[in-house]
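**Q** Okay, predicted coordinates and the sequence, questions at the end:
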Amino acid sequence: MSFDRLWADLLPVGRSADDGGYHRYTWAGADTDARAWFTEAATTRGLDVRTDRNGNLWAWWGAPGPGAVATGSHLDSVPNGGAFDGPLGVVGALAAVDELRSRGFTPDRSLAVGVFVEEEGGRFGVPCLGSRLATGGIDPARARGLTDAAGTTWAEAMAAAGLDPDGIGADPDLIGMFDVFVELHVEQGRALADTAHPVGVASSIWPHGRWRMDFTGRADHAGTTRLLDRADPMLPLAHTILAARALAEEHEARATVAKAHITPNGTNAIPSLVSAWLDARAADQDALAAVVDGVREAADRAARDHGVALAVAAESTTPLVEFSHDLRDRLAGIVADRVPESAGPVPILPTGAGHDAGVLSAHVPTAMLYVRNPTGVSHSPREWADPEDGRAGVVALADVLSDLLSAPGRTT
């Protein structure tokens, strides 16, 4: 299957020689190389590759126009991320085109294979930025002003990549072409690991978001400043992290503080500023609000106790996504045809992970297929899918696309 060749070609791009983790950041070297790989692979297959106004790539099988079916994912990564999150859906989409052609299939309508930019938010902080821009989910002026760790703005990085940052924003003409979007993705958990099913179907995406917390204290000498005289922003941050964990346990949610910038970041200096990011997710909006509000209250209380100022701002929020039940059930039926009846029903899985499919779902009927991950680990070099399960994902996607591309009109 062409999946193996495509996967082998992409695998080295942006991979660390030390531990196998990936560093593909939007508009930077490895991401640029990955985009070039996609363009070449798609062009070789006779697909028409275009870049939309927000920098997302689209490879068309058939003429761009209304009534199209879309699939794809992303190629960027979190810092030291895994190989499968995003790329599996891009490689799988190209391989599915090959699979359909090998069957002698001729689509009745056009197919678009997409690569969304900055899905992880690994460089500029806002996840699913390419799909948010295309659907009008973020103000273009705000997006242009987003900065990376070195202070480079989105606008500057996009211009350096040869694209026009003044043109970013909602693209209803593009989104309006799509009757349906299906994303193939590695499972980010172990729900499929102990089943006979290499492929499952998504049911929903938990509401989630990212909040920036700036704790402003007073820089001073670590050795000469009395404890009572300090305004150390690290202390309220520590209280906040512990509160986040306790609140997540209380509400059966997820709350993580995994990124922080410390100023001046010296071993013998009390910091003047600590900026940290809360990632929170829950099964419903009420639980999420309870966690985030509780973390804010704990942070505010600890900041006051230690003479530190606090500012909190939401950088991105995503409501609960319920994928189309009709489309979900349609996909589950198609996938089930490849699985022995003794395996039982195809698993229908919720997830706490965000995806471009979730952003698009408010505008286009959307569904997701998950490929089994025996480790259950994601956003890590230990993320994994067995090659035979990857191939099963390609076959499942090809089966789904064959069905959708043969159906006239909007798919619900």
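**A** Arrived safely, thanks for sending. Just so we're clear, the structure is a prediction, and the values are computed from it rather than from any experiment. Residues are numbered from 1 along each chain as shown.

**Q** ranges for the helices of the stretch 51-200 of the chain?
**A** Listed in chain order, the helices of the stretch 51-200 of the chain (DSSP state H, counting those that start in this stretch) span 87-102, 129-134, 140-145, 154-160, 172-175.

**Q** from the ones you listed, which stretch is densest packed?
**A** Most buried of the helices of the stretch 51-200 of the chain, by mean neighbour count (mean count of other Cβ atoms under 10 Å): helix 129-134, with a mean of 27. Where C-beta positions appear, they are placed from N, C-alpha and C, glycine not excepted.

**Q** so what does that one touch, helix or strand wise?
**A** Counting contacts by 3 or more Cβ pairs under 8 Å, 6 or more residues apart in numbering; DSSP states H and E, helix 129-134 packs against helix 140-145, helix 356-360.

**Q** Take those helices and write them to CSV, including mean pLDDT and distance to Glu118.
**A** Shown next, in CSV, are the helices and strands packed on helix 129-134 (pLDDT from 0 to 100; distance: least, Cβ to Cβ, whole Å):
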stretch, mean pLDDT, distance to Glu118
helix 140-145, 98, 9
helix 356-360, 98, 10
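
**Q** I'd like these as JSON lines, with distance to Thr51 appended.
**A** Compiled in JSON lines, these are given as follows (distance: least, Cβ to Cβ, whole Å):
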{"stretch": "helix 140-145", "distance to Thr51": "16"}
{"stretch": "helix 356-360", "distance to Thr51": "16"}
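
**Q** Which of those helices sits closest to Asp300?
**A** Across those, Asp300 has its closest neighbour in helix 140-145 (25.3 Å, Cβ to Cβ).

**Q** Residues in contact with that closest one: which ones?
**A** For helix 140-145, the surrounding residues in contact (Cβ atoms under 8 Å, 6 or more residues apart in numbering) are Val126, Leu129, Arg132, Leu133, Thr153, Trp154, Ala155, Pro165, Ile168, Gly169.

**Q** which two of those residues lie the greatest distance from each other?
**A** The distance between the two most remote of these (Cβ to Cβ) is 16.8 Å, for Arg132 and Thr153.

**Q** thinking again about what came up before, from the contacts of helix 140-145, pick the one nearest Pro12.
**A** Leu129 (25.7 Å).

**Q** Pull the contacting residues for the closest one.
**A** Contact analysis of Leu129 by Cβ under 8 Å, 6+ apart lists Thr26, Val117, Glu118, Glu119, Gly121, Ile138, Ala143, Leu146, Trp154.

**Q** Could I get those in JSON lines, plus columns for distance to Glu187?
**A** Shown next, in JSON lines, are those (distance: Cβ to Cβ, whole Å):
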{"residue": "Thr26", "distance to Glu187": "24"}
{"residue": "Val117", "distance to Glu187": "24"}
{"residue": "Glu118", "distance to Glu187": "23"}
{"residue": "Glu119", "distance to Glu187": "17"}
{"residue": "Gly121", "distance to Glu187": "21"}
{"residue": "Ile138", "distance to Glu187": "28"}
{"residue": "Ala143", "distance to Glu187": "30"}
{"residue": "Leu146", "distance to Glu187": "30"}
{"residue": "Trp154", "distance to Glu187": "31"}
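
**Q** ChimeraX command to pick out the buried ones of those residues?
**A** In ChimeraX, this line selects whichever of the contacts of Leu129 come out buried by 16 or more other Cβ atoms under 10 Å:
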select :26,117,118,119,121,138,143,146,154
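
**Q** Just name the closest of the contacts of Leu129 to Ser406, please.
**A** Distances from Ser406 to the contacts of Leu129, taken as Cβ to Cβ, are shortest for Glu119 (29.3 Å).

**Q** roughly how far apart are the closest residue to that closest one other than its chain neighbours and Ala68?
**A** Spatial nearest neighbour of Glu119, excluding adjacent residues (Cβ to Cβ, 6 or more residues apart in numbering): His74 at 3.6 Å. Distance, His74 to Ala68, by Cβ to Cβ, to the nearest Å: 19 Å.

**Q** So between those two, which is more surrounded?
**A** For the pair His74 and Ala68, the greater number of neighbours falls to His74 (31 against 24), based on other Cβ atoms under 10 Å.

**Q** any idea how far the more buried one is from Leu235?
**A** Taking Cβ to Cβ, one finds His74 at 38 Å from Leu235.

**Q** Over to Met368?
**A** Distance, Met368 to Leu235, using Cβ to Cβ: 42 Å.

**Q** go on, Leu273?
**A** 14 Å.

**Q** The contacts of helix 140-145 into JSON lines, with extra columns for distance to Gly62 and pLDDT?
**A** Shown next, in JSON lines, are these (distance: Cβ to Cβ, whole Å; pLDDT from 0 to 100):
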{"residue": "Val126", "distance to Gly62": "32", "pLDDT": "96"}
{"residue": "Leu129", "distance to Gly62": "28", "pLDDT": "98"}
{"residue": "Arg132", "distance to Gly62": "27", "pLDDT": "98"}
{"residue": "Leu133", "distance to Gly62": "25", "pLDDT": "98"}
{"residue": "Thr153", "distance to Gly62": "37", "pLDDT": "98"}
{"residue": "Trp154", "distance to Gly62": "32", "pLDDT": "98"}
{"residue": "Ala155", "distance to Gly62": "34", "pLDDT": "98"}
{"residue": "Pro165", "distance to Gly62": "30", "pLDDT": "98"}
{"residue": "Ile168", "distance to Gly62": "27", "pLDDT": "98"}
{"residue": "Gly169", "distance to Gly62": "26", "pLDDT": "98"}
